[in-house]
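> 3D, please:
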Amino acid sequence: AEYGKKNVSWRFSGSYFDQDGVVPNNKYQRTNLRISNTTKIGKYVEISPAVSYVRSTHLRPRRSTGGYLLNLMVWPTSNDVRNYQNDDGSKVGVFAADPQGETDNPLWNAYNNESWDETDRFLYTLGVNIKPTKWLSVNGRFGYDTYTTTGWSFYHPQSFVVAANLRGEQDNYWRDYKGYNHTITATATHKYKKFNGRLMAGTMWQDYRTEMFAVVGNQLFDAKRRDSANTAPNTRRFLNRNLLGLNNERVSRQLAFFTEASINYDEKIYFTYSHRFEQSSTLPSKSRAFNYPGMSLSFIMSDILPFMKNSKAINFWKLRGSLASTARLNSPYSNQSVFNNVLSSGLGFAYGFTNNNPDLVPELQDTYEVGTEMRLFNDKFTIDLTYYNTKCDRQIMENFRSSYGTGFVLNTLNTATTRNEGVEIVLGVTPVKNKNFSWNMLFNANRMWNEVLFLPGNVPEFYISDTWLFGNARGGLVAGGPTTGITAIGYGRNIN
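Below you'll find the model as predicted:
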């Protein structure tokens with residue numbers, strides 16, 4: 001619904017979504033309401049606030065290792081998968097009398113190993129545009145996002161996924177998120193003869209905070225309940241700060257200042273240069289500040305070369321090139337190892353199995369690209385050809401496995417250097433075009449190749465443990481190999 005009067009307009013929208021998945025016991029519902037306003041104040045100021053509310057609930061089966069999909073892949077074809085439950089609700093066995101002695105029936109798994117969450121979310125945004133003169137404009141974008149999620153995940157006491165002596169698992173959690181961000185820019189433009197210039201400067205601020213409380217326990221009393229009181233008190237484990245009566249916190253802050261200058265000559269030659277200066281709370285203080293540049297240059301050759309201006313074959317020809325650097329950051333608190341609660345004999349505190357790194361630096365990505373665009377024979381044919389080359393240096397690898405002799409299982413490190421190259425071409429054809437009808441076709445093709453240029457000597461292989469599902473194969477990297485490689489444990493062989 002919309003309503004407007006003079007310099008003020010309002011808009012209200014709402015939607016409701018209700019979906020049952022193809023997989024049993026998979027339901028998702030979402031309600032979305034939004035109201036927005038645009039108001040012009042005087043000659044120079046325009047504001048556009050908006051408020052959104054989203055409520056969602058999601059019930060779904062547990063996935064990954066031990067989930068319904070992998071179980072279905074190994075389930076014997078001679079057994080009717082629909083015969084999965086006895087009259088009392090217990091699991092029907094196939095080969096073993098012990099429920100934990102064999103893989104869960106996929107349907108039984110989908111209905112009994114499940115998770116649920118409910119989220120209430122509010123989003124507030126404000127846009128401010130100020131144009132005090134023809135050549136200067138100031139723009140601000142402000143946003144505040146907050147949501148609260150409550151949920152649980154559940155493993156049935158008879159499930160193969162958990163050991164028989166644990167008698168199931170119940171995990172209940174609460175999460176509260178508050179995030180604020182703004183971007184403010186000032187842009188000035190000027191024209192001098194055939195030169196057109198543009199200068200922009202701005203700042204960005206992000207402040208994201210998440211608080212969490214969770215408890216997981218075993219020895220379930222009732223397989224139909226989904227609350228933490230259904231677990232034995234001596235099996236309950238909490239997040240670190242929860243035992244102190246506090247919520248676990250995850251805070252990330254980022255500040256940036258940036259500028260961009262662009263100039264074009266007679267709308268034939270275009271040049272742009274940008275630079276960004278950032279600071280991030282996720283990095284150690286000694287490497288918290290960093291900066292990176294970017295630039296681009298393009299030529300409209302069909303306007304520059306005199307003999308092409310009246311060409312019937314080539315209607316438009318552009319050459320372009322660009323250089324850019326960007327940085328990627330680490331997760332909050334991955335620069336300092338922390339103590340965890342010890343629930344085994346002796347209690348107290350000890351380092352967890354994650355080895356965080358106080359010497360982390362930002363990951364850097366340098367990219368250059370060259371390309372051309374052409375329109376031929378009254379725009380009946382178009383060509384867009386691009387070559388790109390991206391080098392990632394000091395790549396941040398989190399949660400990778402190294403020697404357990406370090407006292408940790410998972411590690412965080414600036415490790416790999418990789419390069420990714422490729423060629424992409426897009427061809428367009430317009431076989432028919434008139435006042436009443438047009439027919440356009442696009443064809444695209446690309447060829448990409450990549451390589452791991454460097455890994456430290458003490459990291460002969462980096463693999464993603466979550467991809468290690470069957471046998472010895474997993475997604476992994478080795479020096480000299482591609483970034484899309486699959487690695488495995490090999491066998492030593494003699495010459496025979």
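
> Show me the strands in the stretch 301-450 of the chain, by range?
314-328, 339-341, 349-351, 354-355, 363-376, 381-393, 396-401, 410-414, 417-433, 438-454 (DSSP state E, counting those that start in this stretch).

> how far is the first one from where the chain is centred?
Think strand 314-328. Relative to the centre of its chain, strand 314-328 is centred 26 Å away, using CA atoms, centre = their mean, to the nearest Å.

> what does it rub up against?
With contact meaning CB atoms under 8 Å, 6 or more residues apart in numbering, strand 314-328 is reached by 278, 290, 292-302, 308, 362-379, 396. (C-beta placed from N, C-alpha, C; glycine too.)

> ok, of those, which come out buried?
Neighbour counting over the contacts of strand 314-328 (16 or more other CB atoms under 10 Å) leaves 278, 290, 292, 294-296, 298-302, 362-365, 367, 369, 371-376, 396 as the buried ones.

> returning to what we had before: which of the strands of the stretch 301-450 of the chain sits most buried?
Stretch with highest mean neighbour count among the strands of the stretch 301-450 of the chain: strand 410-414 (a mean of 20; mean count of other CB atoms under 10 Å).

> and that one, what does it pack onto?
strand 354-355, strand 396-401 (3 or more CB pairs under 8 Å, 6 or more residues apart in numbering; DSSP states H and E).

> Listing partners with orientation, what would you give for that strand?
The strands beside strand 410-414 in its sheet (DSSP bridges) come out as strand 354-355 (parallel), strand 396-401 (antiparallel).

> Switch the ones you listed over to CSV; also include mean pLDDT and distance to Asp20.
Output for the strands paired with strand 410-414, formatted as CSV (pLDDT from 0 to 100; distance: least, CB to CB, whole Å):
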stretch, mean pLDDT, distance to Asp20
strand 354-355, 86, 38
strand 396-401, 84, 35
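
> what's the closest of those strands to Glu2?
The closest of the strands paired with strand 410-414 to Glu2 is strand 396-401. By CB to CB, the value is 46.5 Å.

> And for the closest one, what's in contact with it?
Counting by CB under 8 Å, 6+ apart, 328-331, 334, 354, 360, 363, 409-416, 459, 462-465 sit against strand 396-401.

> now swap in stretch 230-238 and tell me
Stretch 230-238 has contacts (CB under 8 Å, 6+ apart) with 166, 170, 213-222, 228, 341, 343.

> ditto for stretch 59-73
When contacts are defined by CB under 8 Å, 6+ apart, stretch 59-73 is touched by residues 21, 23-28, 81, 103-107, 109-111, 113-116, 153-155, 159-161, 466, 469.

> in its sheet, what does the helix or strand bottoming out on mean pLDDT in the chain sit against?
Lowest on mean pLDDT, DSSP states H and E among the helices and strands of the chain sits strand 462-463, with a mean of 80. The strands that strand 462-463 pairs with in its sheet are strand 474-477 (antiparallel) (by DSSP bridges).

> how deep is Ser64 tucked in, by neighbour count?
Ser64 has 10 neighbours, counted by other CB atoms under 10 Å.

> That one: what secondary structure?
Using DSSP: H, G, I helix; E, B strand; the rest coil, the structure places Ser64 in coil.

> roughly how far apart are it and Arg30?
Taking CB to CB, to the nearest Å as the measure, Ser64 falls 24 Å from Arg30.

> One more: Thr430?
Separation of Thr430 from Arg30 (CB to CB): 40 Å.

> do Trp75 as well
Distance from Trp75 to Arg30, by CB to CB: 33 Å.

> Check Tyr3 too.
Distance, Tyr3 to Arg30, using CB to CB: 26 Å.

> how about CSV for the strands paired with strand 410-414, with distance to Ser137 added?
Shown next, in CSV, are the strands paired with strand 410-414 (distance: least, CB to CB, whole Å):
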stretch, distance to Ser137
strand 354-355, 47
strand 396-401, 37
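
> and stretch 402-412, average pLDDT?
Taken as a whole, stretch 402-412 has a mean pLDDT of 82.

> Now do the end-to-end distance for that stretch.
Start-to-end span of stretch 402-412 (CA to CA, to the nearest Å) is 10 Å.

> what separates it from the chain centre, distance-wise?
On the basis of CA atoms, centre = their mean, stretch 402-412 sits 26 Å off its chain's mean C-alpha point.

> That one: which residues count as buried?
402, 408, 411-412.

> Pick the one among the residues you listed closest to Thr272.
Nearest to Thr272 among the buried residues of stretch 402-412 is Thr412, at 35.6 Å by CB to CB.

> Contacts only, for the closest one.
Counting by CB under 8 Å, 6+ apart, Thr412 has contacts 330, 334-335, 354-357, 360, 396-400.
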